[in-house]
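heads up, no residue letters with this:
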C-alpha cells in the first residue's frame, strides 16, 4: 500500500476527469495499526453474526434494520424521512413528503430484492444494475437511466462541471472499470481480507460514479451485499450508512483524500472504525430487542384469555411497529368491538401508543421498539 496510486486527471477540454487505477491486483498490508483495526472488525462482525444463528425469528427484526438503513442512506443524499414516517402507508404521508417517502421505500425494495437475488446471482454489475433500477423507479431520478450505466459525463458538487468538487472518469471507461471491480471481488489468486476488499470496492465505486444518480445509495448498499455473499454475515444485519451519516464530512473527506493524496490507509482505517462501531451498536440493539421481547411477552401474559391474540399482535409489531384497528382485525380475526378492547389493553400496558390524535383512522406505534433504532 505504500506505493498506492489512486489515479490521474485526464484533460477533457473544458474540464479534467479523474481516471482511477484498476484495483484487481495483489495487495500487501504493511501497517500494524491497520492490522489491529482489522482484527477488531473481524471479531465484532463475528459476534454480531452469532445473533443471526441464535436469535429466534431474527427475520422479524431485520426489517427494521433495513428501514433504518434506508432512511439513513437516503438522508445522506438530502432525503428527509424518519423511521416513523417511513412506516406509514403512502396515503397517510403528507403530499410534500411523498417523494422522500418513495425514495426510502425504493431503497428498502432494492436491498431486499438484491439480497434475495444473491441466491442466484453473484456480486456483480448485473446485480448492482438491478438494484439501481428498483432504487430509481418512479422517483426524482427516474429519467436518469435506471439500471443502466451512464453514457455522459457527470460530476460531484457545484452547479456545473466547471465549479464541481470532483469529476469522475469519462463514461467510455465505465464498463472496463466496473469489470475490474467484479474481477477483484471474485479474485482467488491473491489473498486480501474481505473487509478491506469491500472498503476498497466502495471507494472505487464512488470514484467511478457509474450511474447518473443514486451512486451513493447503491455504493452503501453494496457493502452489505458483499458481506452476505462472502458468508461473513449470514443475514443482512450490518449497515454503515448511520456511521457515514454521523461522520458525513469525514466520509467525503476521506474519499477525496485517497484521490488527491493516494492515502488509501486513512480510508481503510475510517472504514474499519465504522465496521467496529456499527457491529458493536448492532449487538447492543439485538440485546435490547431480546430484553424488550421478554418484557412485552410478560405484559401480554397478564391479559388472560386475550393473551394469545395480544402475542400475535406484538409478534407482528417486531416486524412492522405500526398498526391500525384494521390490521389488528386481520391478524387476530376478532370482531371490531373485541379489536378495540385489545388495542385499549395494549395501550394501557404501554406496549403501543396512538400517534394521530384523531377520532378515526387512528395509528398506533410500538414506540419502545422504534426508539432502539433511533
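On my side now, so go ahead. Not measured: the values here are computed from a predicted model.

out of everything not next to it in sequence, what's closest to residue 192?
Nearest non-adjacent residue to residue 192, counting by Cβ to Cβ, 6 or more residues apart in numbering: residue 27, 4.8 Å away. Any C-beta I mention is one placed from the backbone N, CA and C, and that applies to glycine too.

What of residue 201?
When the adjacent residues along the chain are set aside, residue 201 lies closest to residue 181, with 5.7 Å between them (Cβ to Cβ, 6+ apart).

helices or strands up against the helix or strand where the one you found lies?
Secondary structure assignment for residue 181, by DSSP states H and E: helix 174-186. Applying 3 or more Cβ pairs under 8 Å, 6 or more residues apart in numbering; DSSP states H and E, one finds that helix 174-186 contacts helix 125-136, helix 194-208.

all strands in this protein, in order from the N-terminus.
Here the chain has its strands, by DSSP state E, at 7-11, 16-20, 322-323, 353-354, 364-365.

What lies in contact with stretch 172-182?
With contact meaning Cβ atoms under 8 Å, 6 or more residues apart in numbering, stretch 172-182 is reached by 19-20, 22-24, 123-125, 128, 149-150, 169, 201, 204-205, 208, 210.

rewinding a little: list the contacts for the residue nearest to residue 192?
Contacts of residue 27 (Cβ under 8 Å, 6+ apart): 1, 190, 192, 196, 200.

If we use 10 Å, what do you get?
Contacts for residue 27 (Cβ atoms under 10 Å, 6 or more residues apart in numbering) come out as 1, 4, 184, 190, 191, 192, 193, 196, 197, 200, 264.

Could I have the ChimeraX command that selects the buried members from those residues?
Restricted to buried positions by 16 or more other Cβ atoms under 10 Å, the ChimeraX selection for the contacts of residue 27 reads:
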select :184,192,193,196,197,200,264
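
of the contacts of residue 27, the lowest pLDDT goes to which?
Lowest pLDDT among these: residue 1, with 69.

For residue 52, give me the pLDDT.
78.

Please disregard the earlier target; I meant residue 208.
Listed pLDDT for residue 208 reads 98.

neighbours of it, just the number please.
Other residues lying near residue 208 total 24 when counted by other Cβ atoms under 10 Å.

Residue 149 is in contact with that one, correct?
Yes: counting by Cβ atoms under 10 Å, residue 208 touches residue 149, with 9.1 Å between them.

Name the nearest residue to residue 248, sequence neighbours excluded.
Closest to residue 248 by Cβ to Cβ, 6+ apart is residue 76, at 6.3 Å.

contacting residues for the one you found?
Contacts for residue 76 (Cβ under 10 Å, 6+ apart) come out as 216, 217, 220, 241, 242, 244, 245, 248, 251, 252.

Selecting buried members of those residues in ChimeraX, what would you type?
Selecting only the buried entries of the contacts of residue 76 in ChimeraX, with 16+ other Cβ under 10 Å as the criterion:
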select :216,217,220,241,242,244,245,251,252
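
Show me which pair in the contacts of residue 76 is furthest apart.
The largest separation in the contacts of residue 76, counting by Cβ to Cβ, is between 242 and 252 at 16.0 Å.

that older thread, pLDDT score for the residue nearest to residue 201?
At residue 181, pLDDT is 98.

any idea how far it lies from residue 210?
Residue 181 sits 9 Å away from residue 210 when distances are taken as Cβ to Cβ, to the nearest Å.
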